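> Let me see the structure of the following:
(chains A, B, C and D)
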Number of protein chains: 2
Amino acid sequence: MDQSEKLHGHGTVGAGSRRSDAVAAELVRMIETGGLQEGERLPAERDLMQRYGVSRAAVREAIVSLANRGLIETRLGHRPIVRKPDYEIAVDKVGNLVGHLMVDRKGVWNLFETRIFMEVGLARWAAKHARRDDLEELRAALDGNREAIGNSVLFDETDAAFHAVLYQIPGNPIYPAIHKAYVEWLTQHWRSMKRGAGIDQMNYAGHEAILEAILARDPDNAEEAMRRHLVAAWEFVRSTFPSDN
Amino acid sequence: MDQSEKLHGHGTVGAGSRRSDAVAAELVRMIETGGLQEGERLPAERDLMQRYGVSRAAVREAIVSLANRGLIETRLGHRPIVRKPDYEIAVDKVGNLVGHLMVDRKGVWNLFETRIFMEVGLARWAAKHARRDDLEELRAALDGNREAIGNSVLFDETDAAFHAVLYQIPGNPIYPAIHKAYVEWLTQHWRSMKRGAGIDQMNYAGHEAILEAILARDPDNAEEAMRRHLVAAWEFVRSTFPSDN
DNA sequence: GGTGGATTTTGGTCGGACCATATGGTACTT
DNA sequence: AAGTACCATATGGTCCGACCAAAATCCACC
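The predicted structure is shown next:
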């Protein structure tokens, strides 16, 4: 079966499909079936344009499309490079959209609520299934967090790191990707927030309570500690919204 | 402040940025700031090309980009329509990437495991917070499910509907979007799966046990019932994979 | 006032041309 | 001989003008 000659016609399209979409689909197929390996370079635009019998514009639009989906990486003067998307990239791409959904407080709350849901579940999981080295990592992260009290920027980092350990315990690469996304999306909403010194202490205490419950292998307490911690955090995010209707 | 004249130069770009990206960013800004309302039509390509002083190709690539992100909807011969993305579209977009990550059994398992995690949490939530009408909806969904036993396609529908109710109970629009995504992603992997009549009965029994635990306001039992149900379901998905390494 | 065809709009495509950047080879310098 | 500056080539990025096809609009006609 020829894969050229299939898209010919010079501007005369029977169906309502775009040429660039057809080219894009063809390229995707080639990537998925392994014709193009990870890291390999895509054929040149002038190459593809001849191979598929379409104009360069069509090829370019197809390439733009693939690039937007994260399947390839384009640099100027460079042939596009095939990038098999991992979970982080996938979540990243959607993040771009989620930004539009967080314009009002309701949108941010919806997202934050899913975070509470996730982390409550993770806390339960950790309490039930965490291995010894997971617990050690948690403790190390907590120590780092305590030492960062007072240093806002460093505290936020160690804060995120502590939560990150929880996302990593189940061993499913999707969870860390989700955590990364949460941090990116929600950070903008409290980065602008000035806070007193007591806040760090409160947050640290929250982390401590969570770890204690996990160490005690008590899912219910871990859940409750996590929920309290995050609800308190939300109160601050919430306060950054002007109209408190 | 002028928003034209800002992208001029005929092929002479100082930085390594694409013209189309600049145009795309400008359009996004216009949509976000409310300059273009939901449902409104984007200016014509020939309009934008004059307004921003770029070629039509650049405008088109920008439009392709926005369309890929789900911010606009393009039809042939029609001006693009602004579509404020909702959570479903956002999750949908990422779904098309996730498809590439489910080529092997490990990828599918990772995804399925997050589903177990989600639904276990949702079962707990329902047991703790479901209101009376939520419970009635669950029972109605379960009844529909029971009546569909034996009719494979209808059973799958009512099966999904039963789980959908759980996703909808917390009242956060993100959860139903996630459920929709799960159904779309995972369905392909068991649609091809032939099954005996006993399977429906087993799955229905699972749903029944879940609902009973929820009605009894017993989160632990609800969790356990849900986990058993989904782990059993996984055994079937798993069996569809040829190489059982 | 409704209806159907002609006109206008508008997206989709093409082809050729030029510019900007990255790469690699070559000739020149040291 | 080694290093460097420079030029040719490959390749992506952009522009222009044109044409086609589908949708939208207008208008004459009934």
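> And the next helix or strand past the longest helix seen in chain A?
Using DSSP state H to define each element, chain A has its longest helix at helix A:105-129. Moving toward the C-terminus from helix A:105-129, the next helix or strand (DSSP states H and E) is helix A:132-147.
> after that next one comes which helix or strand?
As assigned by DSSP H and E, the chain's next helix or strand after helix A:132-147 is helix A:152-168.
> Who are the packing partners of that next one?
helix A:105-129, helix A:132-147, helix A:174-191, helix A:197-215 (3 or more CB pairs under 8 Å, 6 or more residues apart in numbering or on different chains; DSSP states H and E). For the C-beta atoms, the positions are set from N, CA and C on the backbone; glycine is no exception.
> can you state the direction angle for the first one and helix A:197-215?
Pointing back at helix A:105-129 there. 40 degrees (axes from the mean of the first three to the mean of the last three CA atoms, to 10 degrees).
> which residues touch the nearest residue to A:Val94 once chain neighbours are set aside?
Once flanking residues are discounted, A:Val94 sits nearest to B:Val94: 3.9 Å by CB to CB, 6 or more residues apart in numbering or on different chains. Contacts for B:Val94 (CB atoms under 8 Å, 6 or more residues apart in numbering or on different chains) come out as A:90-91, A:93-94, B:181.
> Tell me the buried residues in the longest helix of chain A?
A:105, A:107-127 (16 or more other CB atoms under 10 Å in any protein chain shown).
> care to break chain A down by domain?
Chain A is divided into the following domains under automatic domain parsing: A:19-82, A:88-239.
> to the chain's geometric centre, what's the distance from the first one?
Here the centre of domain A:19-82 is set off from its chain's centre by 25 Å, with CA atoms, centre = their mean, to the nearest Å.
> mind checking the end-to-end distance for that domain?
21 Å (CA to CA, to the nearest Å).
> Return the helix or strand in chain A with minimum mean pLDDT.
Using mean pLDDT, DSSP states H and E, helix A:87-101 stands out as the lowest-scoring helix or strand of chain A, at a mean of 77.
> Give the buried residues for that one.
Counting neighbours by 16+ other CB under 10 Å, helix A:87-101 gives A:87-101 as buried.
> repeat for stretch A:73-83
For stretch A:73-83, by 16+ other CB under 10 Å, it's A:80, A:82-83.
> Is DNA strand D within reach of stretch A:25-40?
No. Counting by CB under 7 Å from any atom of the strand, DNA strand D has no neighbours in stretch A:25-40; the shortest distance is 11.9 Å.
> In PDB, list the C-alpha atoms belonging to that stretch.
The C-alpha trace of stretch A:25-40 is given here as PDB (Å, rounded to 0.1, in the frame of the first residue of the first chain):
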ATOM      1  CA  ALA A  25      -2.600  11.600  11.300                       C
ATOM      2  CA  GLU A  26      -0.200   9.900   9.000                       C
ATOM      3  CA  LEU A  27       2.800  11.200  11.000                       C
ATOM      4  CA  VAL A  28       1.200  10.100  14.200                       C
ATOM      5  CA  ARG A  29       0.700   6.700  12.800                       C
ATOM      6  CA  MET A  30       4.300   6.500  11.800                       C
ATOM      7  CA  ILE A  31       5.400   7.500  15.200                       C
ATOM      8  CA  GLU A  32       3.100   5.100  17.000                       C
ATOM      9  CA  THR A  33       4.000   2.100  14.800                       C
ATOM     10  CA  GLY A  34       7.700   2.800  15.500                       C
ATOM     11  CA  GLY A  35       8.600   4.000  12.100                       C
ATOM     12  CA  LEU A  36      10.000   7.100  13.800                       C
ATOM     13  CA  GLN A  37      11.800   6.300  17.100                       C
ATOM     14  CA  GLU A  38      12.000   8.500  20.100                       C
ATOM     15  CA  GLY A  39      14.700  11.200  19.600                       C
ATOM     16  CA  GLU A  40      14.800  10.600  15.800                       C
END
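> Touching that stretch from outside, list them.
Residues contacting stretch A:25-40 (CB under 8 Å, 6+ apart): A:3, A:42, A:48, A:52, A:62-63, A:66, A:71, A:81-84, B:100, B:103.
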